[in-house]
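S.K.: A predicted structure for the sequence below; I have some questions about it.
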Amino acid sequence: MKGVVLCGGQGTGLRPITHTLPKELIPISNKPILFYILDSLLEADISEVGIVINNDDEEIFKSFLREYESLKLTYELIHQSQPLGSADAVAITEDFVKDDDFVVIFGDNFHEVKLAELIDDFYSSNSNCKVLLKEVDEPENYIIAEVEEEQVLSLEGKPKKPKSGLAVTGIYIFDKNIYKACKEIGLSYTGEYEIIDSINWLIVNGYRVTYNISEFLWIDMKTSKDILCANQYILSKMKGIVKGLVNEKSTVTGNVSLAEGSKIYNSIIRGPVIIGNNTIIENSYVGPYTSIMNNVKIIDSQIENSIILDKCTISRVINIIDSSIIGENTSIISYNSCKRSNSFILGNGSSLIIY
């Protein structure tokens with residue numbers, strides 16, 4: 001069994017962050033989304049992984065994936081030259097997968113699914129395709145499965161009259177017949193080749209498509225709200241450990257993880273909060289569900305429920321920065337504030353001055 005992770009999307013719902021950072025590499029609790037997926041594959045004893053990426057993203061993925069070179073993971077970066085859809089992204093993995101069965105996970109999925117159990121069910125049910133489903137509210141906003149007994153009868157994207165409340169999660173297991181299906185379908189109304197059309201082709205042509213219903217957490221991370229929700233969830237389970245410096249005039253409560261080389265002066269930190277390396281927080285308040293990466297400076301400011309990427313400076317922002325994602329090398333400096341709170345989604349290299 002091999003693994004395939006689809007990371008070739010455009011990430012339009014998360015711009016401007018995704019202009020310079022693929023959404024699969026956005027950190028939640030200071031760890032890229034992709035790493036949670038890779039860890040779940042390794043936990044299921046899947047050590048050969050193909051990662052489908054955009055042509056321009058190879059160097060940044062390589063730089064991040066160096067962390068996995070010491071682990072029992074071998075990966076291949078597979079280039080999707082044009083954004084032609086999810087079925088195209090699966091189709092171009094054929095040379096990597098060969099005749100093996102394989103797990104496909106969309107790279108913007110955050111999940112706690114036990115993949116080993118899903119794989120066992122795939123084999124015990126003699127499936128050509130296994131689809132993982134999740135009960136959702138507002139099914140008209142999802143790809144919805146029509147099911148009967150053990151089998152999937154059809155998949156439909158954002159139906160006006162949903163045939164169930166079971167949403168497709170973006171986690172699948174396929175055998176090699178999916179490649180035949182991907183070659184047989186045409187363009188969808190969106191102008192792309194969709195994996196749900198390939199699965200519907202399998203169903204119509206007599207292949208066995210089964211499903212499992214997940215009871216585990218699953219978040220389809222399309223927007224900043226979804227990213228922050230996943231960040232909250234991970235931080236809520238985190239156990240704090242303080243390795244950096246906290247001076248006697250600071251107050252740290254709750255689960256707070258403070259990495260080596262970071263320093264807190266005259267500040268209040270209310271967990272759950274995670275703070276990376278070589279970060280300085282001075283005369284500030286950092287509230288719950290905040291993730292702060294490395295080499296960040298927060299001076300005379302207040303922030304909570306936010307994600308701050310590397311090398312940011314936030315200075316003299318008295319009103320609370322809330323529910324924000326702030327990209328690398330961003331500078332936020334306030335000279336005079338009149339609002340009670342501010343919310344930002346800023347791309348890498350941004351500079352924001354508040355008067």
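M.R.: Done, it's in.

S.K.: can you list the domain ranges for this protein.
M.R.: 2-233, 240-354 (automatic domain parsing).

S.K.: Tell me who's in contact with D99.
M.R.: D99 sits next to K176 when contact means Cβ atoms under 8 Å, 6 or more residues apart in numbering. All C-beta spots, glycine's among them, are computed from the backbone N, C-alpha and C.

S.K.: Show the backbone phi and psi for it.
M.R.: phi -100, psi 10 (degrees, to the nearest 10).

S.K.: quick one on the thing from earlier: got TSV for the domains of the chain, with mean pLDDT too?
M.R.: Supplementary listing: the domains of the chain in TSV, determined by pLDDT from 0 to 100:
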stretch	mean pLDDT
domain 2-233	90
domain 240-354	89
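
S.K.: hang on, I26 packs against L34?
M.R.: No - here I26 does not reach L34: they are 9.2 Å apart, not a contact under Cβ atoms under 8 Å.

S.K.: Show me where this structure has its helices.
M.R.: Listed from the start of the chain, the chain has helices (DSSP state H) covering 33-43, 58-65, 86-91, 94-97, 115-124, 177-184, 195-204, 224-237.

S.K.: Out of the ones you listed, which is the most enclosed?
M.R.: The densest packing among the helices of the chain, expressed as mean neighbour count by mean count of other Cβ atoms under 10 Å, is seen in helix 86-91 with a mean of 24.

S.K.: elements contacting that one?
M.R.: Other helices and strands packing on helix 86-91, by 3 or more Cβ pairs under 8 Å, 6 or more residues apart in numbering; DSSP states H and E, are strand 2-7, helix 177-184, helix 195-204.

S.K.: Nearest to N109, out of those?
M.R.: For those, distance to N109 was read as Cβ to Cβ. The smallest value, 9.2 Å, belongs to strand 2-7.

S.K.: can you give me how far the closest one is from the chain middle?
M.R.: Taking Cα atoms, centre = their mean, to the nearest Å, one finds strand 2-7 lying 13 Å from the centre of the chain it belongs to.

S.K.: that older thread, indicate which one of the helices of the chain is closest to T169.
M.R.: The stretch from these with the least distance to T169 (Cβ to Cβ) is helix 115-124; that distance is 10.5 Å.

S.K.: Distance from that closest one to the middle of the chain?
M.R.: With Cα atoms, centre = their mean as the basis, helix 115-124 stands 23 Å off its chain's centre.

S.K.: For stretch 209-225, list the C-alpha coordinates in CSV.
M.R.: What follows is the C-alpha trace of stretch 209-225 in CSV, where atoms were taken according to Å, rounded to 0.1, in the frame of the first residue of the first chain:
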residue,chain,number,x,y,z
VAL,A,209,-17.2,1.1,-4.3
THR,A,210,-17.7,0.9,-0.6
TYR,A,211,-17.6,3.4,2.3
ASN,A,212,-16.9,3.9,5.9
ILE,A,213,-18.4,6.6,8.1
SER,A,214,-15.9,8.3,10.2
GLU,A,215,-16.5,9.1,13.9
PHE,A,216,-13.2,11.0,14.1
LEU,A,217,-12.5,14.7,13.7
TRP,A,218,-12.3,15.9,10.1
ILE,A,219,-11.9,19.5,9.0
ASP,A,220,-11.8,20.5,5.3
MET,A,221,-9.5,23.5,5.5
LYS,A,222,-10.6,25.8,2.8
THR,A,223,-10.7,29.1,4.7
SER,A,224,-8.9,30.9,7.5
LYS,A,225,-11.7,30.0,9.8
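
S.K.: mind listing what's buried in that stretch?
M.R.: Counting neighbours by 16 or more other Cβ atoms under 10 Å, one finds that the buried residues in stretch 209-225 are V209, T210, Y211, N212, S214, W218, I219, D220, M221, S224.

S.K.: same deal with stretch 269-282?
M.R.: Of the residues in stretch 269-282, those with enough neighbours to count as buried (16+ other Cβ under 10 Å) are 269-282.

S.K.: Now for those: which two are most distant?
M.R.: Taking Cβ to Cβ as the measure, the buried residues of stretch 269-282 span a maximum distance of 22.0 Å, between R270 and N278.

S.K.: Grab the longest strand from the protein for me.
M.R.: For the chain, the longest strand by residue count, based on DSSP state E, is strand 166-174.

S.K.: List the buried residues for that one?
M.R.: Buried residues in strand 166-174, counted by 16+ other Cβ under 10 Å: L166, A167, V168, T169, G170, I171, Y172, I173, F174.

S.K.: quick one: which of the residues you listed is nearest to K98?
M.R.: Distance ranking of the buried residues of strand 166-174 against K98, using Cβ to Cβ, places F174 first at 12.8 Å.
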